[in-house]
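[1] What shape does this take:
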Amino acid sequence: MDDSRINSINQIEKIIKVEEASKEINFSFKSRKEKYCWLEQKLTQFQYFRLRKKDKSFVREYLAMITKLSVSQLTILIGRKKKYGRIFIDNANCNKFSRIYTPEDIALLIDTDKARNCLSGPATKNILFQEYKIFSRREYEKISQISVSHLYNLRKTRQYQSHTVFWQKTKPISHNQIGERRKPDPQGRPGFIRVDTVHQGDLDKEKGVYHINLVDEVTQWEIIACVPQISEYYLLPILKEVLRAYPFLIINFHSDNGSEYINKVVAELLNELLIGQTKSRPRHSNDNGLVETKNGSIVRKWMGRNFIHKNYATLINNFYQDCFNIYLNYHRPCGFATDYIDSKGKIKKKYDVYMRPYEKLRSLPSAETFLKPGITFELLDKIAYEKSDNEFAALVQKAKVELFNKFNKKNHLPIQLLTSPVSCLSVD
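    Coordinates of the predicted model:
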């Protein structure tokens, strides 16, 4: 490069402040050695170490602009010039570790994260281990042994990042005698359900679809449904269906204080099914924290936050029932906390166990006693192990793409399609 015309601090200041002047200089170096030689020459030419602080800042900014070096890199090189009198390439022999995980292993990690929308490190490690250990997929042998910390390192690599480039307020109810204000106490038993509603936005004063999210507190067994609007006509049959879909007996139904669940219709349904009803206490935001966490990590992550017209509720509900709920409960690991007491006597939670909800259900003492009549673990095993976790996740991603492609059409689906889920989930 030729910058021989620049030989004063005033010229440097002009280049920095006037963008057009900087374009006149051809910034290019053939090698790092040439760049370092030019840098050493300029420090000597402008007598950098004798300059005032203000002039030094101009020179540093000019050098950074030409060499494209970061502030920290430039500081190291200038320090090297001051200490040794010259700038040289440091060829010190550093300890280097052999590369364990090949591009093929990283590709398996990429496919896993794409299929699952990038779960946490411990959950992903659990999936990779299951692919090799349970489903005997030999290609996962090496990557299944990866540590969680190094898994995050692989996610920062160029190969990974180049291939991996989702609300209506609830109405408060005061002085309502429906439901008991308390936090449920399952005592290790499944069947204590937390429920919440997720609204898919408004557009031009029109409401989007509503997602009904139900999560069991002990096993994290999660079932999601979708309705075009919150009303007795749609909500009651959907609740009947999702409560029937759980493989174990439902003991308790817990929600916040929204009127969609704290009303006589829902209370009568729960009484009919012999299910207790509780609601969150004032100033206890964690009473319904589990399902609210799932709203973000599951519903929002997969369905986004953009408006979806209510005419698509049928398609979304079919997607949930056909494959997504199966994926959540049989193929997606969840974190389970272990309680321990710290030095101050406070109870702390450490999420050190990752299991699928079905695995958690099977691991409970006397698990068979919690199942509904006619349901056995042999029947559930056929669902759980028909496909590997990653294979089923890929099918869910494909179904999601097909679903969202239908959202992108200009015209909404005819309203008559909404009769299909209501007819099949109608009140008995």
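
[2] quick one: buried residues of the helix of greatest length in the chain?
    For the chain, the longest helix by residue count, based on DSSP state H, is helix 389-407. Neighbour-count burial for helix 389-407 flags 389, 390, 392, 393, 394, 395, 396, 397, 399, 400, 403, 407 (criterion: 16 or more other CB atoms under 10 Å). (Each C-beta comes from the backbone N, C-alpha and C, glycine too.)

[3] Looking at those, which is nearest residue 193?
    Lowest distance from residue 193 to the buried residues of helix 389-407 (CB to CB) belongs to residue 396, with 23.0 Å.

[4] Now do the helices for the stretch 201-350 of the chain: every range, in order, please.
    Using DSSP state H, counting those that start in this stretch, the helices of the stretch 201-350 of the chain run over 232-245, 264-272, 289-294, 301-303, 313-319, 325-330.

[5] export these to a markdown table and tack on mean pLDDT and distance to residue 149?
    Output for these, formatted as a markdown table (pLDDT from 0 to 100; distance: least, CB to CB, whole Å):
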| stretch | mean pLDDT | distance to residue 149 |
| --- | --- | --- |
| helix 232-245 | 88 | 38 |
| helix 264-272 | 85 | 46 |
| helix 289-294 | 89 | 24 |
| helix 301-303 | 92 | 23 |
| helix 313-319 | 93 | 35 |
| helix 325-330 | 94 | 27 |
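
[6] okay, the ones you listed in a markdown table with mean neighbour count and distance to residue 348 next?
    Listed next are the helices of the stretch 201-350 of the chain as a markdown table, based on neighbours: other CB atoms under 10 Å; distance: least, CB to CB, whole Å:
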| stretch | mean neighbour count | distance to residue 348 |
| --- | --- | --- |
| helix 232-245 | 18 | 34 |
| helix 264-272 | 15 | 35 |
| helix 289-294 | 18 | 16 |
| helix 301-303 | 19 | 27 |
| helix 313-319 | 22 | 38 |
| helix 325-330 | 22 | 27 |
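
[7] For residue 61, find the nearest of these.
    Short answer: helix 301-303, nearest of the helices of the stretch 201-350 of the chain by CB to CB, at 42.5 Å.

[8] Remind me what the closest one packs against, helices and strands.
    Judged by 3 or more CB pairs under 8 Å, 6 or more residues apart in numbering; DSSP states H and E, helix 301-303 is in contact with no other helix or strand.

[9] And residue 67, how far from residue 317?
    Between residue 67 and residue 317 the computed distance is 59 Å (CB to CB, to the nearest Å).

[10] That should have said residue 310, apologies.
    12 Å.

[11] Just give me the neighbour total for residue 335.
    Residue 335 is flanked by 17 other residues according to other CB atoms under 10 Å.

[12] Outline the domain layout of this protein.
    9-84, 103-163, 180-424 (automatic domain parsing).

[13] Any chance of a markdown table for the helices of the stretch 201-350 of the chain, columns distance to residue 133?
    Shown next, in a markdown table, are the helices of the stretch 201-350 of the chain (distance: least, CB to CB, whole Å):
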| stretch | distance to residue 133 |
| --- | --- |
| helix 232-245 | 29 |
| helix 264-272 | 41 |
| helix 289-294 | 27 |
| helix 301-303 | 27 |
| helix 313-319 | 30 |
| helix 325-330 | 16 |
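
[14] among those helices, which is nearest residue 113?
    Short answer: helix 301-303, nearest of the helices of the stretch 201-350 of the chain by CB to CB, at 12.4 Å.

[15] Distance from the chain centre to the closest one, please.
    9 Å (CA atoms, centre = their mean, to the nearest Å).

[16] can you check stretch 104-111 too?
    On CA atoms, centre = their mean, the centre of stretch 104-111 falls 18 Å from the chain's centre.

[17] Give me the number of neighbouring residues for the nearest residue to residue 67 once chain neighbours are set aside.
    Closest residue in space to residue 67, ignoring its immediate chain neighbours: residue 35 at 5.6 Å, by CB to CB, 6 or more residues apart in numbering. Residues lying near residue 35 (other CB under 10 Å) number 19.

[18] Now do whatever helix or strand residue 35 lives in: everything it contacts.
    Taking DSSP states H and E as the definition, residue 35 sits inside helix 32-45. Applying CB atoms under 8 Å, 6 or more residues apart in numbering, the contact partners of helix 32-45 are 1, 7, 29, 48-49, 59, 63, 66-67, 77-78, 81, 86-89.

[19] swap the cut-off to 7 Å and go again
    Outside helix 32-45, the residues that touch it by CB atoms under 7 Å, 6 or more residues apart in numbering are 29, 63, 67, 77, 78, 81, 86, 87, 89.

[20] And the buried ones among those, selectable in ChimeraX?
    Buried residues among the contacts of helix 32-45 (16+ other CB under 10 Å), as a ChimeraX selection:
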select :29,63,67,77,78,81,87
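
[21] Can you add pLDDT and secondary structure and give the contacts of helix 32-45 back as CSV?
    Converted to CSV, the contacts of helix 32-45 look like this (pLDDT from 0 to 100; DSSP: H, G, I helix; E, B strand; the rest coil):
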residue, pLDDT, secondary structure
29, 80, coil
63, 88, helix
67, 86, helix
77, 90, helix
78, 90, helix
81, 87, helix
86, 85, coil
87, 86, coil
89, 79, coil
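
[22] could you redo the contacts of helix 32-45 as CSV and give each row distance to residue 323?
    Formatted as CSV, the contacts of helix 32-45 follow (distance: CB to CB, whole Å):
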residue, distance to residue 323
29, 55
63, 58
67, 54
77, 57
78, 60
81, 63
86, 65
87, 61
89, 56
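
[23] between the domains of the chain, which gets nearest to residue 97?
    domain 103-163 (10.9 Å).

[24] What's the end-to-end length of that closest one?
    12 Å (CA to CA, to the nearest Å).

[25] and the gap between residue 250 and residue 195?
    The value you get for residue 250 to residue 195, if CB to CB is used, is 11 Å.

[26] ugh, typo on my part, it should be residue 119
    Residue 119 is 24 Å from residue 195, by CB to CB.

[27] hang on, the earlier thing: the helices of the stretch 201-350 of the chain: which one's closest to residue 282?
    Closest of these to residue 282 is helix 289-294, at 15.1 Å (criterion: CB to CB).

[28] send the alpha carbons of the closest one over as PDB?
    Presented in PDB, the C-alpha positions along helix 289-294 are these (Å, rounded to 0.1, in the frame of the first residue of the first chain):
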ATOM      1  CA  GLY A 289     -44.400 -20.800  37.400                       C
ATOM      2  CA  LEU A 290     -43.900 -24.200  35.700                       C
ATOM      3  CA  VAL A 291     -46.400 -23.800  33.000                       C
ATOM      4  CA  GLU A 292     -45.500 -20.100  32.500                       C
ATOM      5  CA  THR A 293     -41.900 -21.200  31.900                       C
ATOM      6  CA  LYS A 294     -43.200 -23.800  29.400                       C
END
